[in-house]
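Q: Mind folding the following:
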Amino acid sequence: MVSNLLEADVETVLDAAFAGGDEELLIVDPSAETIVSLIEAAVDRDDLPELSMLADERTLKDVMDDFLVASKAADLVADGALSLRILGGDVDNALFVSPSQVVVLVSSGDEVAALSTDDSAFVDAVFETHSEAFENAEEFGLRTPAISRVRETLAAEIDEETRDDFDAVLASLNAARGDTGLDEVTVSLLVAAKNDVLLYDISKWGEDVGIASKATFSRTKTRLEDMGIIDTEKVPIDVGRPRLRLKLGDERLHGVDADELAGVVDDLMA
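A: Numbering: from 1, shown residues only. Alright, predicted model coming up:
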């Protein structure tokens, strides 16, 4: 049987095409937008099959440059819900392949069109071909830490208030995706400054959890300090050089709720 699907987004195509209860779904040569949609769908739902993704290396790298997406993908990988491997050759169209169905996905603007079939002989051949390609493909090395580990360690090693502010800022960035230039190091420093955390503590946490090196935290701190967004005060210690306590600098940031912090900072950086 062959059927045509014309849906508004990838997740709706998933609902329409894979409602049959397959336990495995192989995604071949997805676009960047499809990868993001699949990760968001998999994070928010528990009724999708295990996802095996065979994608262009450059596309994967570009998508995983976004901490919000990559940290969610890392959670899925850690949970065994997602596997990422590098596509070795060209594919004519993006494919969703399960043991019971094949869907060819074509994106056009804001719409997604799909042609699906459950013809058993064809599905078996396609699934076998691409499953073999996946097994022989190189694994994609995802270096971003899982968002659950980031949150857990931030609460444990800094404090829960800073973790809660971190969550609020990330949620606001997710809602305004593409409209802000704040990265994960900047966000970490901002919420640390909002909560009067020592630079040493936040940068050590960031390096230990895998967000960035202490040197990157230090460089970003200097840049934000030069812009007047954060400030520092010296805190004497018993041995060695004084440590720096982070503070919010510009008075327009004082008293701002965490979910509005990124927007105000983004305006100040413009």
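
Q: In the record's domain split, what are the boundaries for the chain?
A: Following automatic domain parsing, the chain resolves into domains at 2-136, 147-269.

Q: Let's have those domains in JSON lines, adding mean neighbour count.
A: Yep, even glycine has a C-beta here, placed from its N, CA and C like the rest. Below are the domains of the chain laid out as JSON lines (neighbours: other C-beta atoms under 10 Å):
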{"stretch": "domain 2-136", "mean neighbour count": "17"}
{"stretch": "domain 147-269", "mean neighbour count": "17"}
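
Q: could these be laid out in CSV, adding mean pLDDT?
A: Output for those, formatted as CSV (pLDDT from 0 to 100):
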stretch, mean pLDDT
domain 2-136, 85
domain 147-269, 92
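
Q: The protein: helices as residue ranges?
A: All helices of the chain, identified by DSSP state H, fall at 10-17, 32-44, 57-64, 67-78, 120-136, 147-157, 160-175, 184-194, 199-209, 214-226, 258-269.

Q: residue closest to the middle of this protein?
A: Closest residue to the average C-alpha location of the chain: residue 69 at 1.5 Å, with C-alpha atoms, centre = their mean.

Q: That one: what's it in contact with?
A: 35-36, 39, 63 (C-beta atoms under 8 Å, 6 or more residues apart in numbering).

Q: So of those residues, which two are at opposite extremes in space?
A: 39 and 63 (8.3 Å; C-beta to C-beta).

Q: Surely residue 220 and residue 190 touch.
A: No. If you go by C-beta atoms under 8 Å, residue 220 and residue 190 don't touch, sitting 10.1 Å apart.

Q: Now do the contacts for residue 78.
A: Applying C-beta under 8 Å, 6+ apart, the residues contacting residue 78 are 146, 148-149.

Q: between the helices of the chain, which one is nearest to residue 99?
A: Of all those, helix 120-136 comes closest under C-beta to C-beta, at 5.8 Å.

Q: Counting by contacts, list what the closest one packs against.
A: Counting contacts by 3 or more C-beta pairs under 8 Å, 6 or more residues apart in numbering; DSSP states H and E, helix 120-136 packs against strand 24-28, strand 50-55, strand 94-97, strand 102-108.

Q: Please report how far residue 42 lies from residue 12.
A: Per C-beta to C-beta, to the nearest Å, residue 42 is found 15 Å from residue 12.

Q: What of residue 73?
A: Residue 73 sits 21 Å away from residue 12, going by C-beta to C-beta.
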